[in-house]
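Asker: Just to be clear, the model below is a prediction. Sequence and coordinates:
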Amino acid sequence: MKSLFTALVSLLPLATALPLVSSESPNAQPKSLYPFSSSGSNAKVAGRLFNIDGKVEYFAGTNAWWLAHLSSNSDVDLSFSQMAATGYKIVRVWGFGDANTPPPSTNTDPNLVYFQILNSTGSYINYGADGLQRLDYVVHAASKYGLKLVLNFVNNWGDYGGIAAYTNAFNCSSTSFYTDATCQKVYKNYVKTIVTRYRSSTAIFAWELGNEPRCNGCETSVLTNWASDISSYIKSLDSNHMVTLGDEGWFAPADGIGDGSYAYGGAEGIDWVANLKIKTLDYGVFHLYPNSWGYNYTWGNEWIEQHDKAGKAVGKPVILEEYGTPFPYNHIETEGPWQATVLKSGIAADQIWQFGPNGTSVSAEVFGDVNTIYFKTPEYATLGTGHAKAMSKKKV
């Protein structure tokens with residue numbers, strides 16, 4: 001999902017006083033102030049489902065892109081405690097925070113934290129209190145609440161840097177990013193930094209290549225080759241955790257699915273079936289935003305069923321990783337039927353976009369959006385707690 005906040009991507013001189021380390025030297029990174037749990041077991045594929053801490057079941061999860069961009073440990077703990085109370089098993093968090101220049105010190109959450117500076121001289125990792133120390137705490141705290149994390153490495157959108165931060169620094173484009181030697185070298189260095197830092201933690205559910213990668217107008221082979229290369233690279237760094245792509249789930253004409261309209265025409269450079277067949281991608285994901293894509297809401301049920309069927313044919317688990325509708329405080333009418341369709345399908349899990357905590361020191365509406373489901377609201381009891389309970393009770 002494209003968030004509401006804009007990254008700082010202007011090219012200004014790099015502040016030398018910051019705790020920055022070149023991403024060329026991931027082995028030189030400072031140790032975390034917070035221990036990462038290695039107790040329990042790593043999540044893994046079990047047929048078309050997942051084994052989480054020794055239990056194979058259907059489950060619900062959520063998205064909280066902002067979690068590692070909160071400055072307060074207490075706010076992170078409160079959010080995790082409410083997710084755990086809901087019955088969620090996994091939460092998807094932005095593992096990136098890219099900028100071309102540090103944000104002003106007068107910024108407030110969630111626009112103060114950044115993880116990586118990109119400029120013409122290279123990339124530099126921020127290990128400070130407004131940098132990876134925040135993600136460190138999120139990985140540390142997830143274990144305390146029995147939650148698993150999906151961490152992704154780059155944003156297709158310009159929010160919190162994304163591919164735009166790479167293009168500003170290294171003169172690649174939004175499409176050439178996937179093949180440009182310099183951009184890919186820097187991206188891989190960042191991937192290595194994050195993976196090697198957290199690979200010992202059983203709180204990691206999966207590594208995700210990016211948030212909604214697209215290559216508009218490209219042959220689908222561009223993104224398929226990129227996904228194969230990067231997922232293989234991640235597996236070479238960490239063979240114990242799962243890897244997924246993070247795409248919206250577009251089909252291509254070669255898949256023989258759908259009516260040939262936008263979601264089925266391969267225009268965004270995605271062939272979901274071809275990507276699902278990549279050996280080093282453990283499971284497939286797809287997103288659902290009919291309002292943004294020009295479809296009616298009932299079409300969402302068909303979209304879910306099509307991905308379930310395609311996943312079954314390939315023999316891999318599938319997660320509805322994001323879904324939402326732009327109706328603040330009135331999401332049940334549109335999203336309830338989708339959840340019912342998931343419950344009737346072989347979809348392993350779903351992750352609603354997005355979770356809104358109750359009681360954080362920073363108002364949740366600051367980092368929320370029109371899709372957000374807020375804890376302790378009447379609709380949350382249905383779409384959050386009620387659905388999580390129904391998924392966990394579903395017969396395997």
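Answerer: Looks like it came in fine. Residues are numbered from 1 along each chain as shown.

Asker: so where is the stretch 101-250 of the chain shaky, pLDDT-wise?
Answerer: Scanning the stretch 101-250 of the chain for pLDDT under 70 picks out no residues.

Asker: Tell me where it has strands.
Answerer: Here the stretch 101-250 of the chain has its strands, by DSSP state E, counting those that start in this stretch, at 116-119, 122-126, 148-152, 204-208, 242-244.

Asker: Likewise for the stretch 251-396 of the chain?
Answerer: Remark: strands assigned in the stretch 251-396 of the chain by DSSP E, counting those that start in this stretch are 284-288, 318-323, 349-352, 355-356, 373-374.

Asker: can I get those strands in TSV with mean neighbour count?
Answerer: (Glycine included, C-beta is placed from N, CA and C.) What follows is the strands of the stretch 251-396 of the chain, written out as TSV (neighbours: other Cβ atoms under 10 Å):
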stretch	mean neighbour count
strand 284-288	26
strand 318-323	27
strand 349-352	26
strand 355-356	26
strand 373-374	21
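
Asker: and of the strands of the stretch 101-250 of the chain, who's closest to residue 75?
Answerer: strand 148-152 (16.4 Å; Cβ to Cβ).

Asker: hang on, the earlier thing: save the strands of the stretch 251-396 of the chain as a markdown table, and put in distance to residue 138 and mean pLDDT too.
Answerer: Shown next, in a markdown table, are the strands of the stretch 251-396 of the chain (distance: least, Cβ to Cβ, whole Å; pLDDT from 0 to 100):
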| stretch | distance to residue 138 | mean pLDDT |
| --- | --- | --- |
| strand 284-288 | 20 | 99 |
| strand 318-323 | 18 | 99 |
| strand 349-352 | 16 | 99 |
| strand 355-356 | 14 | 98 |
| strand 373-374 | 20 | 96 |
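
Asker: Mind putting those into a markdown table with distance to residue 21?
Answerer: As requested, the strands of the stretch 251-396 of the chain are exported to a markdown table (distance: least, Cβ to Cβ, whole Å):
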| stretch | distance to residue 21 |
| --- | --- |
| strand 284-288 | 32 |
| strand 318-323 | 32 |
| strand 349-352 | 32 |
| strand 355-356 | 32 |
| strand 373-374 | 38 |
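
Asker: Among these, which comes closest to residue 99?
Answerer: strand 318-323 (24.0 Å).

Asker: can you give me how far the closest one is from the chain middle?
Answerer: Distance, stretch centre to chain centre, for strand 318-323: 10 Å (Cα atoms, centre = their mean, to the nearest Å).

Asker: Point out the other elements, helices or strands, that it touches.
Answerer: strand 59-63, strand 284-288, helix 299-314, helix 332-344, strand 349-352 (3 or more Cβ pairs under 8 Å, 6 or more residues apart in numbering; DSSP states H and E).

Asker: Using JSON lines, lay out the ones you listed together with distance to residue 181.
Answerer: Formatted as JSON lines, the helices and strands packed on strand 318-323 follow (distance: least, Cβ to Cβ, whole Å):
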{"stretch": "strand 59-63", "distance to residue 181": "32"}
{"stretch": "strand 284-288", "distance to residue 181": "28"}
{"stretch": "helix 299-314", "distance to residue 181": "31"}
{"stretch": "helix 332-344", "distance to residue 181": "41"}
{"stretch": "strand 349-352", "distance to residue 181": "34"}
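
Asker: quick one, which of these is nearest to residue 20?
Answerer: strand 59-63 (28.8 Å).

Asker: And for the closest one, what's in contact with it?
Answerer: Strand 59-63 is touched from outside by 1, 50, 52, 83, 86-92, 319, 321-322, 348-355, 384, 387-388, 391-392, with contacts defined as Cβ atoms under 8 Å, 6 or more residues apart in numbering.

Asker: can I get the CA coordinates of that strand in CSV?
Answerer: Output of strand 59-63 as CSV, limited to C-alpha atoms (Å, rounded to 0.1, in the frame of the first residue of the first chain):
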residue,chain,number,x,y,z
PHE,A,59,-4.1,-17.7,10.7
ALA,A,60,-4.7,-14.0,10.4
GLY,A,61,-2.1,-11.2,10.5
THR,A,62,-1.8,-7.5,9.9
ASN,A,63,0.3,-4.7,8.5
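
Asker: Now do that strand, average pLDDT.
Answerer: Mean per-residue pLDDT for strand 59-63: 99.

Asker: Show me what that strand pairs with in its sheet, parallel or antiparallel.
Answerer: Strand pairing for strand 59-63, using DSSP bridges, gives strand 90-94 (parallel), strand 349-352 (parallel).

Asker: The helices and strands packed on strand 318-323: which one's closest to residue 34?
Answerer: Comparing those by Cβ to Cβ, strand 59-63 comes nearest, at 22.4 Å.

Asker: Perfect, I'm done here.
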